[in-house]
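K.L.:
Sequence and predicted model, in that order:
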Amino acid sequence: MSRPYISQELRRTVIDRASRLCEYCLIHERDTAFGCAIDHIISLKHGGATNSTNLAYACAFCNRSKGSDIGSIVWNTGKFSRFYHPRRDSWSEHFKLQGATISSLTEIGEVTARILGFNDRGRLLERQILIDRDRYPHPVTSKYLQQQKR
């Protein structure tokens with residue numbers, strides 16, 4: 001499947017809306033070695049569109065881990081749950097920052113955090129280093145989370 005064209009204007013809209021934060025793990029693009037990319041929340045192969053309501057800004061780790069997946073199995077129940085959707089969901093409803101750990105508050109949060117590897121050892125270490133340098137959560141994170149509630 002060929003990659004869809006994302007215009008500079010649409011790309012800028014997505015980046016500005018996200019305040020240059022990964023909309024999944026909330027790391028700022030300047031604080032991740034591999035940068036961020038535009039992500040189709042619902043992948044093209046699942047019928048997702050290339051428009052502002054289906055695009056999110058994602059760090060390389062979240063983007064690569066998510067791939068074209070749209071959800072996963074909740075281990076406790078054996079049922080399928082969709083992933084967190086940055087355009088429809090409130091981050092604070094599904095996740096909570098506890099130091100370097102991103103804790104899950106819901107089944108949506110649990111499958112998203114697990115599949116995207118929020119609390120993998122290397123990512124915890126990365127966030128702890130940023131916390132020690134007063135760079136995580138990034139100063140724009142609170143503003144971003146407030147805008148998302150609207």
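P.N.:
Great, that's in hand.
K.L.:
what sits against the most centrally placed residue in the chain?
P.N.:
Nearest residue to the geometric centre of the chain (CA atoms, centre = their mean): Tyr24, 1.5 Å. For Tyr24, the contact set (CB atoms under 8 Å, 6 or more residues apart in numbering) comprises 56, 58-59, 62, 66, 84, 86, 112, 116, 118. Yep, even glycine has a C-beta here, placed from its N, CA and C like the rest.
K.L.:
Go again with 10 Å.
P.N.:
Neighbour list for Tyr24: 39, 41, 56-59, 61-63, 65-66, 83-84, 86, 91, 95, 102, 112-113, 116, 118 [criterion: CB atoms under 10 Å, 6 or more residues apart in numbering].
K.L.:
Please apply the same query to Phe34.
P.N.:
Each residue near Phe34 by CB under 10 Å, 6+ apart is listed here: 59-61, 63-64.
K.L.:
Tell me the buried residues within those residues.
P.N.:
With burial judged by 16 or more other CB atoms under 10 Å, the buried subset of the contacts of Phe34 is 59, 61, 63.
K.L.:
in the sheet, who's paired with the first one?
P.N.:
Think Cys59. Beta-bridge pairing of Cys59 under DSSP bridges involves Cys36.
K.L.:
Return the distance of it relative to Thr112.
P.N.:
Using CB to CB, to the nearest Å, one gets 14 Å for the distance from Cys59 to Thr112.
K.L.:
overlap in contacts of those two?
P.N.:
What both Cys59 and Thr112 touch, as defined by CB under 10 Å, 6+ apart, is the set 24-25, 65.
K.L.:
Let me see the ranges of the helices in this protein.
P.N.:
Remark: helices assigned in the chain by DSSP state H are 8-17, 60-66, 91-94, 107-116, 121-132, 141-148.
K.L.:
in the fifth one, what's buried?
P.N.:
In other words, helix 121-132. For helix 121-132, a neighbour-count test (16+ other CB under 10 Å) marks 123, 126-127, 130 as buried.
K.L.:
Understood, closing this out.
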